[in-house]
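Visitor: Have a look; sequence and predicted model below, questions after that.
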Amino acid sequence: MVDPWTVDLSLYGWIALMGFLVATACGLVGNYLILRRMALMGDAVSHSVLPGLVIAFLFSSSRGTGAMFLGALAAGIAATVLIEAIHRKTRVKQDAAMGIAFSTLFAIGVLLVSLYSEHVDLDADCVLYGEIAFVPLEPMVTWLGVTLGPVSLVRMAAVLLVVVGLIFAFYKELLVASFDEALARATGINPTWLHYGLMSVLSVVIVSAFESVGAILVIAMLILPGATASLMTDRLGVMHAIAVGHAAVSAWLGVSLGVWLDCSIGAAMVVAGAAIFTLVWAGAVLRRWQRRMGHDVEPVPATSVPR
């Protein structure tokens, strides 16, 4: 529990920083998904990137970051467009449209892997769970003689900066459109374009985090920070701050827990985040119970004391 931050800081520091960047980017975008009641959209997009990875590999014959990133991003955006087309052009509900789109695209990816198994060299475990522990082993990026960090970490940091910049630039529009689309249209805001923009950013975040936490664990990182924050406040700005704090604590505890148990660090980060959510949820339940008990107890009438 101590060695990662003393003896092996040069190794586990990069892992913890990568976990923080991934969880922060996912948490900030996840806040809007939770407000829009679209938490499982992250699940749909993360499962839909598999055919994009396979097609990119077949065309480029390489597992290079650029080709795989573009292939996965194209698949994620295609999944978003397909979900919206099914939902808006038919009477199918949005949750059913998500299930149809992501399961079909994931099945297409599995089919492609089966058909071209002799040409496709993809680690199934890495696709599903990622491997954040490999981050320190990647080539380092240097700029003006300064070492910025591993390639995937620098890319994730750039994505986070873009996410933060977009939130600041479109804070009011995203806030109004997330709560009331009719009000957004009345004030001149186009909720449809905002929705597609948000889904595009979601796809970029998921694909950027794919190598580190895979298609499964990223779902928890999208939902847990926002779900925890929603139990603590009803103000969006405070929710963002709590999501950043949740990301920092879960990354720190996750690395310590993963090293202590000698297990997947990405999974340990999710377990730590779930533990934080459980504590906050238990506190919220306790406060609600105390308020209810306080309302149920009737005041004792004053009585005169005989002299």
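Guide: Happy to help now that I have it.
Visitor: What are the boundaries of the strands in the stretch 1-150 of the chain?
Guide: Secondary structure of the stretch 1-150 of the chain, counting by DSSP state E, counting those that start in this stretch: strands at 140-143, 146-150.
Visitor: For those, state which one has the densest average packing.
Guide: Burial of the strands of the stretch 1-150 of the chain is given as mean neighbour count (mean count of other CB atoms under 10 Å); strand 146-150 ranks first at a mean of 14. Every C-beta, even on glycine, is put in place using the N, C-alpha and C of the backbone.
Visitor: could the strands of the stretch 1-150 of the chain be laid out in TSV, adding mean pLDDT and distance to H246?
Guide: Shown next, in TSV, are the strands of the stretch 1-150 of the chain (pLDDT from 0 to 100; distance: least, CB to CB, whole Å):
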stretch	mean pLDDT	distance to H246
strand 140-143	83	27
strand 146-150	83	22
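Visitor: Dump these into TSV; add distance to A78 as well.
Guide: TSV is the format used below for the strands of the stretch 1-150 of the chain (distance: least, CB to CB, whole Å):
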stretch	distance to A78
strand 140-143	30
strand 146-150	29
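Visitor: closest one to L28 among those?
Guide: strand 146-150 (20.4 Å; CB to CB).
Visitor: The next helix or strand after the closest one - what's its average pLDDT?
Guide: Downstream of strand 146-150, the first helix or strand assigned by DSSP states H and E is helix 151-169. Mean pLDDT, helix 151-169: 91.
Visitor: Just the C-alpha atoms of helix 151-169, please, in CSV.
Guide: Extracted in CSV, the C-alpha atoms of helix 151-169 (Å, rounded to 0.1, in the frame of the first residue of the first chain):
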residue,chain,number,x,y,z
VAL,A,151,2.0,8.2,-25.7
SER,A,152,-1.4,7.1,-24.5
LEU,A,153,-1.2,9.3,-21.4
VAL,A,154,-0.4,12.4,-23.5
ARG,A,155,-3.2,11.6,-25.8
MET,A,156,-5.6,11.1,-22.9
ALA,A,157,-4.5,14.4,-21.4
ALA,A,158,-5.2,16.2,-24.7
VAL,A,159,-8.6,14.7,-24.9
LEU,A,160,-9.4,15.8,-21.3
LEU,A,161,-8.3,19.3,-22.2
VAL,A,162,-10.6,19.3,-25.2
VAL,A,163,-13.5,18.0,-23.0
VAL,A,164,-12.9,20.7,-20.4
GLY,A,165,-12.7,23.4,-23.0
LEU,A,166,-16.0,22.3,-24.7
ILE,A,167,-17.7,22.2,-21.3
PHE,A,168,-16.7,25.7,-20.6
ALA,A,169,-17.6,26.9,-24.1
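Visitor: Quick one: the helices in this protein, in order.
Guide: 9-35, 41-60, 65-89, 94-115, 124-129, 151-169, 171-179, 181-186, 191-232, 236-261, 265-296 (DSSP state H).
Visitor: Which among the ones you listed is found nearest to M1?
Guide: Of the helices of the chain, nearest to M1 by CB to CB is helix 236-261, at 4.8 Å.
Visitor: chain center to the closest one: distance?
Guide: Counting by CA atoms, centre = their mean, to the nearest Å, helix 236-261 is centred 12 Å from the centre of its parent chain.
Visitor: Likewise for stretch 200-216?
Guide: On CA atoms, centre = their mean, the centre of stretch 200-216 falls 8 Å from the chain's centre.
Visitor: quick one: low-confidence parts of the stretch 201-307 of the chain?
Guide: Counting by pLDDT under 70, the stretch 201-307 of the chain has low-confidence residues at 295-307.
Visitor: Quick check: which of the strands of the stretch 1-150 of the chain is nearest to F277?
Guide: Comparison of the strands of the stretch 1-150 of the chain against F277 by CB to CB identifies strand 146-150 as nearest, at 28.8 Å.
Visitor: how far off helix 151-169 does the closest one point, in degrees?
Guide: 90 degrees (axes from the mean of the first three to the mean of the last three CA atoms, to 10 degrees).
Visitor: For W143, which of the helices of the chain is the nearest?
Guide: helix 151-169 (8.8 Å).
Visitor: and R36, backbone torsions?
Guide: Dihedral pair for R36: phi -90, psi 0, per degrees, to the nearest 10.
Visitor: That one is in contact with S178, isn't it?
Guide: Yes - the pair R36 / S178 is scored as a contact, 5.4 Å apart, by CB atoms under 8 Å.
Visitor: who's more crowded, the two?
Guide: S178 (22 against 17; other CB atoms under 10 Å).
Visitor: who's in contact with the residue lying closest to the more buried one once chain neighbours are set aside?
Guide: Counting by CB to CB, 6 or more residues apart in numbering, S178 lies nearest to L35, which is 4.3 Å off, once chain neighbours are set aside. Residues near L35 by CB atoms under 8 Å, 6 or more residues apart in numbering: 178-179, 236.
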